[in-house]
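In: A predicted structure for the sequence below; I have some questions about it.
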Amino acid sequence: MQLKDYARVLLKRGWIIILLALLAAGSAYAFSKLQTPIYKSTVTLSAVPARSSDYGQSLAIKNLLRNYVQQMQSPSIAQPVIDKLQLDVDPDSFVGQFNFNADESTLLITIEARHPMTITVAKMAQTLADTFVSVHNQENLQRDQQDRILISILRNATRPEIFSPKTSINVLAGAILGALVGLIIIFALEWLDSDIVRTSEDVERVIGVTVLGAIPTIDAKESDAQSKHKSTALASQKHNVCPHCGNPI
């Protein structure tokens, strides 16, 4: 197919693409609105050695970051947070509402809480971070001051923001998907019609012979009108009557 053929197909059946894109976008919008909104809030912790120049201690912190994340997910940390916030949930379900990220390159731990209520989600993240820092500081008291690893809250709980559903992204993805399906459909229809000869260009394409002329076609209404006119003329001639004015000849 040449470029003009693609343009002809799009002009002829482009409405299918537009229709399916609108239907898919509308469905994605309705689906997003039916979902329960989930919000997120993030707290950032920083872990540094008591002796900043101690390279060996910095390497030790990198190995301990994941262990700190495991500690925050343990019932010994999660349960006090649940009790303080008066949540009706078990430790495993509570921890399942968090996402933890330990970055060894920056020695930062990110705690991201997710919950349907904006007030609760920020309190969850902040209280979990506060509880872990408090427990870790109590453990530090049992170590020599030079061997301590200092953990502090670098950034308190962020303002809750929507985590899901992402309505705008869903609508855009639905529109793109609908348009792609529509594009597939119109080219499938064009492929099914490819064996049907309709124009002189189709004839040349199929048999490879240049078309020199074509017999014009007459639609049904025009054919009926011509037939009635011929019938009237014949009847008038038979009775020697002018077919136009009806007077005897």
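Out: Yep, it's here. Note that this is a predicted model, so its numbers are computed, not measured.
In: and for stretch 175-183, what's in contact with it?
Out: 16-25, 28 (C-beta atoms under 8 Å, 6 or more residues apart in numbering). No exception for glycine: its C-beta is placed from N, CA and C like everyone else's.
In: quick one: buried residues of the top helix by length along the chain?
Out: Longest helix in the chain, counting residues (DSSP state H): helix 3-34. By 16 or more other C-beta atoms under 10 Å, the buried positions in helix 3-34 come out as 9, 13, 16-17, 20-21, 24-25, 28-29, 32.
In: elements contacting whatever helix or strand S152 lives in?
Out: For S152, the enclosing helix or strand under DSSP states H and E is strand 149-155. When contacts are defined as 3 or more C-beta pairs under 8 Å, 6 or more residues apart in numbering; DSSP states H and E, strand 149-155 sits against strand 38-49, helix 55-72, helix 118-140.
In: now with 6 Å?
Out: When contacts are defined as 3 or more C-beta pairs under 6 Å, 6 or more residues apart in numbering; DSSP states H and E, strand 149-155 sits against strand 38-49, helix 118-140.
In: any idea how far I184 is from the closest residue in space to F100 that isn't next to it in sequence?
Out: Distances taken as C-beta to C-beta, 6 or more residues apart in numbering put V69 closest to F100, at 4.5 Å, once the chain neighbours are dropped. Distance from V69 to I184, counting by C-beta to C-beta, to the nearest Å: 46 Å.
In: who's more crowded, those two?
Out: V69 (18 against 13; other C-beta atoms under 10 Å).
In: isn't that one up against N101?
Out: No - checked against C-beta atoms under 6 Å, the pair V69 and N101 is beyond contact range at 8.3 Å.
In: low-confidence regions, this structure specifically.
Out: Low-confidence segments of the chain (pLDDT under 70): 1-6, 52-58, 193-249.
In: show me how it divides into domains.
Out: 38-164, 200-238 (automatic domain parsing).
In: please identify the most buried of those domains.
Out: Ranked by average neighbour count under the criterion mean count of other C-beta atoms under 10 Å, the domains of the chain are headed by domain 38-164 at a mean of 16.
In: give me the distance between the two termini of that domain.
Out: Taking C-alpha to C-alpha, to the nearest Å, the first and last residues of domain 38-164 lie 5 Å apart.
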